[in-house]
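Q: got a structure for you, letters missing:
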């Protein structure tokens, strides 16, 4: 009977050691999982911040391009108006010269 009791105690100790080892392994896995979750949270937060920064940069670049395009358009519009004005003045000069030439021609023939 004593021997059976010792064997049962021995078996109990062996099982308890296995339980303790399993609990230790479980706690280690919980710690590992917690670290992975924390890392994932940091990465997700970092990704969100990075995407927000990229979006803001894109918005700024788009605004800068739009402003530059508007300035270029206005500049070209002003240049076109100046060219039209020069053309009108040149046309007026040509017309005046033709009128003067015709007047001189009439004066010579009369």
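A: Everything's here; your move. Model, not experiment: these values are computed from the prediction. Numbering: from 1, shown residues only.
Q: Run a quick neighbour tally on residue 97.
A: Other residues lying near residue 97 total 10 when counted by other CB atoms under 10 Å. C-beta coordinates here come from the backbone N, C-alpha and C atoms, glycine included.
Q: per-residue confidence for it?
A: Residue 97 carries a pLDDT value of 94.
Q: Just want to check the distance between it and residue 90.
A: Here the criterion is CB to CB, to the nearest Å. By it, residue 97 lies 10 Å from residue 90.
Q: Same check on residue 2?
A: Here the distance between residue 2 and residue 90 works out to 129 Å (CB to CB).
Q: Compare the two and say which is more crowded by neighbours.
A: Neighbours were counted for residue 2 and for residue 90 using other CB under 10 Å; residue 90 has more, 10 against 6.
Q: Measure how far the helix or strand residue 68 falls within is from the centre of its chain, please.
A: Element membership of residue 68, judged by DSSP states H and E, is helix 2-109. Counting by CA atoms, centre = their mean, to the nearest Å, helix 2-109 is centred 0 Å from the centre of its parent chain.
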